[in-house]
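Novice: only geometry, no sequence info:
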């Protein structure tokens with residue numbers, strides 16, 4: 001009896017671990033583009049899911065951004081059906097906001113979210129690999145967007161709609177998904193956009209990471225992925241501290257919310273800044289840049305009568321012994 005390919009064994013194990021906590025009889029959805037990563041994921045899920053009594057469906061999104069994209073989508077659906085997966089193909093119009101890559105991503109996640117809600121799926125599985133994680137961390141580092149961005153992609157994330165997003169392959173190298181497909185006789189699609197250097201992610205993949213590997217030695221991608229994992233652990237600890245603290249220092253205000261100046265001042269800067277970002281994000285659905293966060297923090301640490309401060313979706317002002325966040329500008333005192 002021929003031995004099992006190491007790549008097949010590695011990816012099946014990663015999928016088995018990821019599915020372990022899902023309830024028996026549930027439906028899971030695989031995001032299937034037809035590329036090597038998503039195809040290896042789909043095949044491994046098709047093998048592992050029945051052992052846990054899980055039903056598997058796939059969703060393939062045709063963004064219609066390339067000639068022949070409809071044929072690629074149909075072929076992906078055919079392969080899924082051959083694996084025993086219920087395929088769904090959705091064609092979507094992609095806008096231009098944030099660039100074509102971001103617009104396509106938003107459209108794709110919207111389709112996946114709708115499919116998960118319609119089928120009451122227990123989870124949506126995404127085929128991001130360790131290489132994708134390393135690229136995400138480097139892009140975040142280049143933007144200077146702080147620890148939140150450097151955490152990269154989470155292996156498990158539950159969103160506000162109750163959908164669980166799983167990334168079983170975040171510990172698997174991209175070369176393993178190609179080896180899986182070769183060993184399984186699965187013909188995958190190579191997206192031309194993956195080598196189009198108009199996109200920053202492609203330049204990181206094709207130019208930056210190879211230079212880092214050549215100059216600093218092998219293992220750069222793994223090191224970046226480890227960094228993301230460690231930062232996520234730190235962020236989870238911070239979040240627990242914040243949620244324990246925030247109930248005692250936050251009060252609802254007219255048309256907004258307020259935070260105790262004394263309590264903010266008593267916390268270290270890292271915790272104080274996270275509280276400010278969390279309050280604005282949870283109350284007004286907006287994200288603050290570091291500069292905006294520091295300007296709000298100055299109302300606590302270096303106040304000389306300045307304010308109110310205009311922020312995305314709200315204003316912040318020091319009113320008495322509190323920092324007040326409201327949808328319209330409050331009168332500072």
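Specialist: Now that the structure is in, tell me what you want to look at. In this text the structure is predicted, and so the values were computed from the model without any measurement.

Novice: Just name the shakiest helix or strand of this structure by mean pLDDT.
Specialist: Averaged element by element with mean pLDDT, DSSP states H and E, the chain has its least confident helix or strand at helix 146-150 (a mean of 72).

Novice: Which strands border the top strand by length along the chain, and is each parallel or antiparallel?
Specialist: Taking DSSP state E as the criterion, the chain has its longest strand at strand 55-62. Strand 55-62 has the following sheet partners, assigned by DSSP bridges: strand 27-31 (parallel), strand 86-91 (parallel).

Novice: Let me know the next secondary structure element after that strand.
Specialist: Elements were assigned by DSSP states H and E; along the chain past strand 55-62, the next helix or strand is helix 69-82.

Novice: Based on its surroundings, how many neighbours for residue 323?
Specialist: Around residue 323 there are 29 other residues, counting by other C-beta atoms under 10 Å. For glycine as for every other residue, the C-beta is placed from the backbone atoms N, C-alpha and C.

Novice: Show me what it bridges to in the sheet.
Specialist: Once the bridges are assigned, which here means DSSP bridges, residue 323 pairs with residue 259, residue 318.

Novice: which residues sit in contact with residue 77?
Specialist: For residue 77, the contacting residues are 32, 58, 60, 87, 88, 89, taking C-beta atoms under 8 Å, 6 or more residues apart in numbering as the criterion.

Novice: avg pLDDT for stretch 272-292?
Specialist: Along stretch 272-292, the predicted local confidence has a mean pLDDT of 90.

Novice: and the residue nearest to residue 41 when sequence neighbours are not counted, what are its phi and psi?
Specialist: The spatially closest residue to residue 41, leaving aside those adjacent along the chain, is residue 127, at 4.3 Å (C-beta to C-beta, 6 or more residues apart in numbering). In this entry, residue 127 is assigned phi and psi values of phi -100, psi 30 (degrees, to the nearest 10).

Novice: Run through the residues that contact residue 127.
Specialist: Contacts of residue 127 were listed using C-beta under 8 Å, 6+ apart, and they are 30, 31, 33, 35, 37, 38, 40, 41, 167, 169, 177.

Novice: Please list the outside residues in contact with the helix or strand in which the fifth one is found.
Specialist: This points to residue 37. Remark: residue 37 resides in helix 36-48, with elements defined by DSSP H and E. Outside helix 36-48, the residues within contact range by C-beta under 8 Å, 6+ apart are 7-8, 11-12, 14-16, 19, 28, 30-32, 56, 58, 76, 79-80, 83-85, 125-129, 132, 168-169, 174, 176-178, 180-181, 184, 186, 188, 190.

Novice: among those, which are in strands?
Specialist: When strands are assigned by DSSP E, the members of the contacts of helix 36-48 inside them are 28, 30, 31, 56, 58, 125.

Novice: doesn't residue 84 make contact with the fifth one?
Specialist: No - at 10.6 Å, residue 58 and residue 84 do not qualify as touching, with contact defined as C-beta atoms under 8 Å.

Novice: Tell me which of these two has more neighbours.
Specialist: Neighbour totals were compared for residue 58 and residue 84, and residue 58 leads with 29 against 12 (other C-beta under 10 Å).

Novice: Enumerate the beta-bridge partners assigned to the more buried one.
Specialist: Applying DSSP bridges, one finds that residue 58 bridges with residue 30, residue 87.

Novice: per-residue confidence for it?
Specialist: The score at residue 58 is 96. That number is its pLDDT.

Novice: Could you do the one 4 residues further on as well?
Specialist: The model reports residue 62 with a pLDDT of 89.

Novice: Next, the contact list for it, please.
Specialist: Contact criterion C-beta under 8 Å, 6+ apart gives 69, 70, 72, 73, 89, 90, 91, 92 as the residues in contact with residue 62.

Novice: do that again at 7 Å, thanks
Specialist: 69, 70, 73, 89, 90, 91 (C-beta atoms under 7 Å, 6 or more residues apart in numbering).

Novice: which one of those residues is nearest residue 259?
Specialist: Ranked by distance to residue 259 (C-beta to C-beta), these are led by residue 90 at 43.1 Å.

Novice: Determine the number of other residues adjacent to the nearest residue to that closest one once chain neighbours are set aside.
Specialist: Excluding the flanking residues, the one nearest residue 90 by C-beta to C-beta, 6+ apart is residue 111, at 4.9 Å. Each residue near residue 111 was counted by other C-beta under 10 Å, and the total is 20.

Novice: Likewise for residue 3?
Specialist: Residue 3: 6 surrounding residues under other C-beta under 10 Å.

Novice: so what pLDDT did it get?
Specialist: What the model reports for residue 3 is a pLDDT of 79.

Novice: Relative to residue 183, how far out is it?
Specialist: Here residue 3 is placed at a distance of 11 Å from residue 183 (C-beta to C-beta, to the nearest Å).
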